[in-house]
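*Asks:* could you look at this predicted model? Sequence included:
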Amino acid sequence: MKRILVTGGLGFIGSHTVVALQNKGFEVVIIDNLSNSKIDVLEKITEITGIKPLFHKIDLRDKAEVRSFFDTNKVAGVIHFAAFKAVGESIQKPLAYYENNIGSLVYLLQEMKNRNIDHFIFSSSCTVYGQADALPINENAPIKKAASTYGNTKQIGEEIIAESCKAYHMNAIALRYFNPIGAHESIKIGELPLGIPQNLIPFITQTAAGLRTELAVFGADYDTPDGTAIRDYIHVVDLANAHIAALERLLNKKNKTNFEFFNVGTGVGSSVLEVITAFEKAAGKPLNYKIVDRREGDITAAYADTTTANKELNWKTEKSLEEALADAWKWQQQQ
Ligand code: NAD
Ligand code: UD1
């Protein structure tokens, strides 16, 4: 059985990936500092899979702790989710974001290099493309200057990995996620936004639950069919499965270059109004919303060309937007 280190494994995407890994027969060891997650998630993962993953409460910014973890744990690969992810906050606190998102990455790669540990998977983001010139966005689209510190940490992160792979003959895959949403079908794990949600789906579900009075739709004057902005919303379980596919590609030496990157989305773009309509159908109730000005920094449209990921990873999405919204709603209702 292969043991895989999952950093940030108690977070939103990490927890779903740990479930998928354990269901596939991998042994999982999680590192998380609980800065944006709760220890209860460990029990929930255990309830879903019947297996309790190994867990170390470690802050990856602590180089000595990272080293001592690798002194005592042998792993066949690393899936690195741990990072700060709030776009607005990153502009207010750039050094905290560089320290966490870049510092942790460097420490991990150093330990892997020093111990000849191969196989690294990195959580990147479609934010690296900015507003792409052509839609759907394929992996050849140019990387645009990042609009936020958060976005920059993903661009720099990819560069650090690419250069490390070249210099140290390591093998890595960056997955550029589009918009992950939803929750596990068991409704035992899901997204836990702190404070007022910045992202669309948690704001919708909290509004429907009566925790917020109304959703503000940020702009209806975009150059799109209904005027609202378009994104590619992917069910988090489909996204988790892309990590298994990427890991198996590396373990089976099927990768074509030392460092590869793939778009992970559904390939379907949905406008904010389309999401609202789909949510109303899934929840069986109307949603209170009003149209307001655009949010600063938002782009018009982004959705993935998934041809390369589908072919190379032998992976595809299986869940619809409606299923993802229904799961997000069930998750909200049991909070
Ligand atoms: P999350 O905040 O739910 O999970 C991240 C986990 O990492 C948390 O459990 C947190 O406690 C942990 N963590 C953070 N810093 C740490 C540190 N220094 N040491 C140890 N643990 C630490 O976030 P998520 O939504 O699951 O995102 C996972 C990854 O995917 C992140 O790298 C994020 O930037 C990236 N990503 C997320 C989205 C999204 O919309 N959720 C989109 C694109 C990319
Ligand atoms: C945001 C991040 C991006 C990150 C992604 C996934 C920004 C600028 N970008 O993308 O880096 O990878 O989350 O976590 O923050 N909307 C509303 N009302 C709301 C909230 C959102 O109308 O209350 C609209 C937005 O204008 C956007 C769409 O819904 O058109 C999706 O927004 P959101 O969920 O925040 O994700 P992104 O902006 O795509």
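*Replies:* Noted; the coordinates are in hand. Ligands and ions are numbered 1, 2, ... in the order given.

*Asks:* near whatever residue of the stretch 151-300 of the chain ends up closest to ligand 1, how many other residues are there?
*Replies:* Here the stretch 151-300 of the chain gets closest to ligand 1 at one residue, Tyr177, 3.9 Å apart by Cβ to the nearest ligand atom. Placement of C-beta: from N, CA and C, glycine included. Counted with other Cβ atoms under 10 Å, residues neighbouring Tyr177 total 22.

*Asks:* phi and psi next, for the residue lying closest to Phe218 once chain neighbours are set aside.
*Replies:* Among residues not flanking Phe218 along the chain, Arg295 sits closest, at 4.0 Å (Cβ to Cβ, 6 or more residues apart in numbering). With angles defined as degrees, to the nearest 10, Arg295 sits at phi -90, psi 130.

*Asks:* distance of Arg295 relative to ligand 2?
*Replies:* Distance, Arg295 to ligand 2, using Cβ to the nearest ligand atom, to the nearest Å: 5 Å.

*Asks:* state the number of residues packed around that residue.
*Replies:* 13.

*Asks:* now swap in Thr308 and tell me
*Replies:* 16.

*Asks:* again with Arg115
*Replies:* For Arg115, using other Cβ under 10 Å, the count is 12.

*Asks:* quick one: residues contacting it.
*Replies:* With Cβ atoms under 8 Å, 6 or more residues apart in numbering as the criterion, the residues that contact Arg115 are Phe70.

*Asks:* in the chain, which spans are strands?
*Replies:* Ranges of strands in the chain, per DSSP state E, are 3-7, 27-32, 54-57, 77-80, 120-125, 172-177, 179-181, 215-218, 230-231, 233-235, 259-264, 270-271, 289-292.

*Asks:* show me the contacts for the closest residue to His80 other than its chain neighbours.
*Replies:* Excluding its sequence neighbours, the residue lying closest to His80 (Cβ to Cβ, 6+ apart) is Thr7, at 4.9 Å. By Cβ under 8 Å, 6+ apart, the contact set of Thr7 is Gly14, Ile30, Ile31, Asp32, Leu60, Val78, Ile79, His80, Phe81, Ala82, Ser104, Leu108.

*Asks:* how about Gly11, what does it touch?
*Replies:* Asp32, Asn36, Ser37, Phe81, Ala82.

*Asks:* list the buried ones in stretch 326-335?
*Replies:* Of the residues in stretch 326-335, those buried by neighbour count under the rule 16 or more other Cβ atoms under 10 Å are Ala326, Asp327, Ala328, Trp329, Lys330, Trp331, Gln332.
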